[in-house]
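Peer 1: Sharing a model that was predicted from the sequence below.
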Amino acid sequence: MSTLRFDGTSHTLTLLDAQNNEVGHWRANNAVDHRATLRFVPNGVYRIIDPSHPLRHGGEADTVNGSYGRFGIIRLQEFSVHGKTHRGVGVHSGRANKGGADHATMGCIRTTDVAMEAITKHILKDPLLTISVQNNHDQYSHPKQSGDHHLPGRSGQPSMSGPDKTLLA
């Protein structure tokens, strides 16, 4: 199964196939709105709840300038940080007209539509198992930028209390 790797220092998102070969890498960011309860996705390995296709919201949200971009959101399994559970956090694009990958979110990792298109096509044949977050930190630097609020989605998946450290190799 495929994996994603997000590096918060180099601001890159990399897709690796089942044999750990790089499929592609793209610009990404975890710039989070100052009002969000999650400052950034902590380093660790997170299970994906949308392994073979992103969750789509429909309408304006799923457009190049919408909240999630043309391909929707690939969600992480819910996790807790400092006793607060976070749901609906994931990887998506959107806001191309407002800085694209650098536009603030309410906790998500934002990338480009080009990245999401490549990832979406790839996971149809090689499902996505996890995302590894490394070198991440609070990247808030845009005080006038408002992040997009997450629309709730149903995962039907069990919760986890934090990054799955057992998946780290």
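Peer 2: Sure, I can see it.
Peer 1: can you give me the helices for this protein?
Peer 2: 113-123 (DSSP state H).
Peer 1: Under the pLDDT cut-off, which ranges of it? List them.
Peer 2: 140-169 (pLDDT under 70).
Peer 1: how does it look with 90?
Peer 2: Along the chain, segments meeting pLDDT under 90 span 34-35, 58, 138-169.
Peer 1: Quick check, central residue of it?
Peer 2: residue 91 (1.9 Å; CA atoms, centre = their mean).
Peer 1: bridging residues for it?
Peer 2: When assigned by DSSP bridges, residue 91 has beta-bridge partners residue 74, residue 109.
Peer 1: Quick check: it touching residue 105?
Peer 2: No: the pair residue 91 / residue 105 is not scored as a contact, 10.0 Å apart, by CB atoms under 8 Å. C-beta coordinates here come from the backbone N, C-alpha and C atoms, glycine included.
Peer 1: Pull up the gap between the residue lying closest to residue 52 once chain neighbours are set aside and residue 60, please.
Peer 2: Closest residue to residue 52 apart from its sequence neighbours, by CB to CB, 6 or more residues apart in numbering: residue 127 at 4.7 Å. For residue 127, the distance to residue 60 equals 28 Å [CB to CB, to the nearest Å].
Peer 1: Same check on residue 128?
Peer 2: From residue 128 to residue 60 the distance is 26 Å (CB to CB).
Peer 1: Comparing those two, which residue is more hemmed in?
Peer 2: More crowded of residue 128 and residue 60, by other CB atoms under 10 Å: residue 128, with 25 against 10.
Peer 1: In space, what's closest to residue 90 - neighbours in sequence excluded?
Peer 2: Per CB to CB, 6+ apart, closest to residue 90 is residue 75, 3.9 Å.
Peer 1: Test my guess that the one you found contacts residue 51.
Peer 2: No: in this structure residue 75 lies outside contact range of residue 51 using CB under 8 Å: 10.2 Å.
Peer 1: the more surrounded of those two?
Peer 2: residue 75 (24 against 15).
Peer 1: Quick check: that one vs residue 87, distance?
Peer 2: 8 Å.
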